[in-house]
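J.: turn this into a model:
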Amino acid sequence: MTPRIKRLLAGLGAGLIGALIALSLWGTGALDSWEALTFDLRARILAKPSATTEEIRLILLDRNSLNRAQQQFGYTWPWPRKAYVPIIDFCRLAGASSLTLDVIFNDPSVYGSRDDETLSFALKQFGRAILPGDFAKLDGSDESWPQSIPLPTLQSIGTIRSDGSNVATFPIPDLTEGTTIGNANITADPDEILRRAPLFVLFDHKLVPSLPLAIATFESSSTPLQFHSRSVTLLGKNIPTDEQGSAIINYRGPKGTFKTYKAADIMESRYNLAEGKAPLIDPTEFKNKHVMFGVSAPALYDLRSTPVGNKFPGIEIDATVLDNILSGDFIHPVGQTANTVAAVLFGILTAMGVMEFRTTLMSSAASFVILSAPMTLSFILYRMGFWFGLTLQLTACVFSILIAGTIKYITEGRQRNFIKSAFSQYLSPNVIEQLLRDPSRLSLGGERKSLTIFFADLVGFTSIAESMEPEDLTAVTNEYLTAMTETIQELGGTIDKYEGDGIVAFWNAPLNQPDHAQRAVLAAIDCQKKLATMRPGLAIRTGHEFHVRIGINTGPAVVGNFGSSTRFDYTAMGDSVNIAARLEGINKQFGTTTLISQTTRDLLDNTILLREISRVIVPGKQEPVTIHAPLSLQERAHGEKRLKRFEQGLAFFYAGNFNRAFRVFSSLAETDPVSSRYRDKCAELAASPPARWDGIWFISTK
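T.: Here you go, the predicted structure:
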């Protein structure tokens, strides 16, 4: 059995166990409260109006309307029944399809029977009014249906699935003639948030519609209601319900989604119409609309908590349910079987992702992608009208990650720890990461690729070493090498080896680095800066000035593991490596601290300031190399004019005009070591001109 097959089987087992744990928690109800929170999140983000939202209008009795009714009409709360008449008449004159008054008139008016008669006449004249009753389970004044109250029109087909109510509170009979009665009672979930609404309730062997359902069916003399195992069929629409006959509300948006009007504005508009004045509200806004009157003033205690916001007017919840009935788009709960299958699949995929990817980063990325999958799916399904068990899926994924991660640590962690402990002493962290991802790279062999090679060596280290005790020398050398190594590795360099005080490093292996030349030169500049900050302290401890010379070259090299089958190093070899070593030594010839080759220069951007130093032929080579040096802070301070002057002298030197070059370099030699070297070279060549001159400086020593 191959290692990959073993990993996949381990992932399969871990995923099944993770899914089983999640399903067990789901079955006990431990995830219900978390699932409710995720449902609310989906509802808030995805809620939007439907095509039938425009068919509903709300009239709210808010704080402003209470104050204006008292100031303009002398009405105090509770209002006399006649206060509702202008609202009813306005809706009648406007041609509203229906009017629902979400106020239970269960007692005769305290203002006398004439007050009740006034309201009753207005309701009869309107002819399409719906009044609420309260069909509570334990609290109410009636235990049977009063003979004077119109019977509900719902007729059941099949076995009735509905919560029963033992008692109810009805409006007074004088107000109910020609009206329809609907149940205004709605119960929140255990966390006091309204996510479900009962469509009907069984009372005295009669199916009583909810207030929204009564609005939708008020024109029917008989409305068949067919019961199924998980739904009911009503008005040609299949509505998903639970065992108690409640449907999951598909909220349209935050408070104020439905077009809403102040009760006082409607009352004043009616009076204006009667007096021939322009109304505050255009009556055409209500034509052929379902109008619902309710309260939103905090003092009247009809504000509820919903997934899309707190302090939601109860009448607006009823309006949302009516909208769902008219659109036929209540939220469908995804069944237990589908949720179970999804939990198993997500658990297995998550565990296999953890097992398959070898690095922690890749495993984490795979886990994140898979964790985002059920979240994305749950939002897509909600948009399509389905409540998918998101918390179950996430729980299955999390437990699968934990179990797979534990298995992976036990089975593969030992090998990783061995590689780290065995090779961290002499391989760079990048190489170790390569080995952890692919241990087969421990085998001997290499690859040819373009590298930027870096050589660094301390100036006069031999004399420094001879003047110090071995213990002190070791401490100082280690401190210097540590600082340089950290600087190199911060820019992605791989340390090849240490040669006493010398450092060999390279870029673009084992990891590909498109900007490898830029990184190497920046590392050289940073190493010089770092040593400059260390120099005063080292001088106090050793009595010597510490300076480092650096050579950098870019070119093809062979890089890989070289050595014996029992001991090897990750290193680079080739002519490009040798040129970098030669450039480090050539710094002595020109008094520079860092030199780079033309091949390195060609790969740099314009952020690194350089000056061309010379065209040289290094020992052991025949082809000339153009070399450059990063400008030091001192050289930058001298300004562009001096650099232009140096370039002029260099041009004279390349052309063989040694006398003019001598004069230019002499003017710069006092503050520029490179110009000082050129001044002496020009004097030598002017005294004994070469027979054939091509501008190349031959380097005779390494």
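
J.: just confirm residue 627 is within a strand.
T.: Yes - assessed with DSSP: H, G, I helix; E, B strand; the rest coil, residue 627 lies in a strand.

J.: so what's it up against?
T.: With contacts defined as CB atoms under 8 Å, 6 or more residues apart in numbering, residue 627 is in contact with 583, 586, 595-598, 612-616. Heads up, the C-betas are built off the backbone N, CA and C, glycines and all.

J.: ok, so of the residues you listed, who is nearest residue 58?
T.: Checking these against residue 58 by CB to CB gives residue 596 as the nearest, at 76.7 Å.

J.: contacts only, for that closest one.
T.: With contacts defined as CB under 8 Å, 6+ apart, residue 596 is in contact with 521, 524, 551-553, 583, 610, 627-630.

J.: and if you look at residue 388?
T.: Applying CB under 8 Å, 6+ apart, we find residue 388 in contact with 334, 339, 342, 374, 377-378, 381-382.

J.: so where's this protein shaky on pLDDT?
T.: 1-3, 137-138, 161-163, 221, 358-360, 412-445, 564-568, 633-635, 637-638, 701-702 (pLDDT under 70).

J.: what distance do you get for the spatially most central residue of it to residue 345?
T.: Relative to the mean C-alpha position of the chain, the nearest C-alpha, by CA atoms, centre = their mean, is the one of residue 372, at 9.8 Å. The gap separating residue 372 from residue 345 is 15 Å, by CB to CB, to the nearest Å.

J.: how about residue 260?
T.: Using CB to CB, we find residue 260 at a distance of 45 Å from residue 345.

J.: quick revisit: among the contacts of residue 596, which lie within strands?
T.: Secondary structure defined by DSSP state E assigns 551-553, 610, 627-630 of the contacts of residue 596 to strands.

J.: residue 225 touches residue 206, doesn't it?
T.: No - Residue 225 is not in contact with residue 206 according to CB atoms under 8 Å; the separation is 11.8 Å.

J.: ok, those two, which is more surrounded?
T.: For residue 225 and residue 206, the more surrounded residue by other CB atoms under 10 Å is residue 225, and the numbers stand at 24 against 15.

J.: quick one: residues contacting the more buried one.
T.: Contact analysis of residue 225 by CB under 8 Å, 6+ apart lists 154-157, 200, 207, 232-234.

J.: and these, which of them are buried?
T.: By neighbour count, with 16 or more other CB atoms under 10 Å, the contacts of residue 225 hold 154, 156, 200, 207, 232, 234 as buried.

J.: what's near enough to touch the second one?
T.: Going by CB under 8 Å, 6+ apart, residue 156 touches 207, 224-227.

J.: can you pull out the strands in the stretch 251-400 of the chain?
T.: Here the stretch 251-400 of the chain has its strands, by DSSP state E, counting those that start in this stretch, at 259-262, 290-295, 303-306, 309-313, 332-333, 386-387.

J.: give me whichever of the ones you listed is most buried.
T.: strand 290-295 (a mean of 25; mean count of other CB atoms under 10 Å).

J.: how far does that one sit from the chain's center?
T.: What separates the centre of strand 290-295 from the centre of its chain is 41 Å, taken as CA atoms, centre = their mean, to the nearest Å.
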